[in-house]
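Colleague: Requesting a structural model of the entry that follows:
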Amino acid sequence: MQHGAYNSSPFHAHMQPVSYALSAAGTGSPTMSLKHVILVVLKKGQCTGYEINQTFAGPLGIYWHTTHQAVYRALASLSREGWVRYREKSQDGKPDKKIYSITASGERALNQWLREHQQPGPINESLLVKFFAGELCPTGALIEQVRELQATHQRNLEYYRSLAEGFEPGLERQGIDTRRGYLTQRRGILMEQARLAWCDEALAMLEQDQARE
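Modeller: From the prediction side, this is the model:
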């Protein structure tokens, strides 16, 4: 491969992600952190750290991945900043549990974030890097990995559909929380369908390549 060959290809001429282009233009993306997610949860009601972690085991975990340790670190930081407070409740034979709630300053911070325009986050797709590698990656290995990815997206699609089914009856009569919750599931469904369509297209092309080898 000649030095600079990538730069001359039409494919690589358009590889700059939108988020990078926006940053170059001076339109920085406001930072969303786990703290904002926790503030949203606490705005809906008081919770213990355990209960906050449980929300990430449900649908919220689809949009934001975290760990138990990260949640407790974020809660400690939020407490120091005065954005949340907690009260301790005694338990028989167990350590006191902390029940967290959002403060007035926490609500102001949350309201500010809710009004900020958000840009897409950075993308790190290891499989696409392997496609970018071209002939360096064996065709058979790519086929196996795309098939695994396809199965994962199919499971995800079925999960999103199961969640959306509970929203759809009488959706036009539902409240704002329900309708917006439904839209998060619809986005997931449409994204998984697009990913599955890409897997089908990728497999068809890879199998053609394999037949020519």
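
Colleague: Residues in contact with the helix or strand Asp96 falls within: which ones?
Modeller: Assigned by DSSP states H and E, Asp96 falls within strand 94-102. By Cβ atoms under 8 Å, 6 or more residues apart in numbering, the list of residues contacting strand 94-102 from outside reads 39, 42-43, 46-50, 52, 75, 83-91, 110. Heads up, the C-betas are built off the backbone N, CA and C, glycines and all.

Colleague: Any quick ChimeraX command for the buried ones out of the residues you listed?
Modeller: The following ChimeraX line selects those of the contacts of strand 94-102 that are buried, judged by 16 or more other Cβ atoms under 10 Å:
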select :39,42,47,49,52,75,83,84,85,86,110
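
Colleague: one step back: what residues sit buried inside the strand holding Asp96?
Modeller: Using 16+ other Cβ under 10 Å as the test for burial, strand 94-102 gives Lys98, Tyr100, Ile102.

Colleague: Same check on stretch 185-204?
Modeller: In stretch 185-204, the ones that count as buried by 16+ other Cβ under 10 Å are Gln185, Gly188, Ile189, Glu192, Arg195, Leu196, Cys199, Ala202, Leu203.

Colleague: Repeat that for stretch 115-135.
Modeller: Lys130.

Colleague: Quick check: pLDDT value at the residue nearest to Tyr182 when sequence neighbours are not counted.
Modeller: Closest residue to Tyr182 apart from its sequence neighbours, by Cβ to Cβ, 6 or more residues apart in numbering: Phe167 at 3.8 Å. We have a pLDDT of 77 for Phe167.

Colleague: do you know how far Phe167 is from Ala57?
Modeller: Applying Cβ to Cβ, to the nearest Å, the value for Phe167 to Ala57 is 20 Å.

Colleague: For those two, indicate the residue with more neighbours.
Modeller: Applying other Cβ atoms under 10 Å to Phe167 and Ala57 shows that Phe167 carries more neighbours, namely 17 against 8.

Colleague: residue contacts, the more buried one?
Modeller: Gln174, Thr178, Arg179, Gly181, Tyr182, Gln185.

Colleague: which of these count as buried?
Modeller: Gly181, Tyr182, Gln185.

Colleague: export these to a markdown table and tack on pLDDT, distance to Glu125 and secondary structure?
Modeller: Listed next are these as a markdown table, based on pLDDT from 0 to 100; distance: Cβ to Cβ, whole Å; DSSP: H, G, I helix; E, B strand; the rest coil:
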| residue | pLDDT | distance to Glu125 | secondary structure |
| --- | --- | --- | --- |
| Gly181 | 86 | 27 | helix |
| Tyr182 | 88 | 28 | helix |
| Gln185 | 89 | 23 | helix |
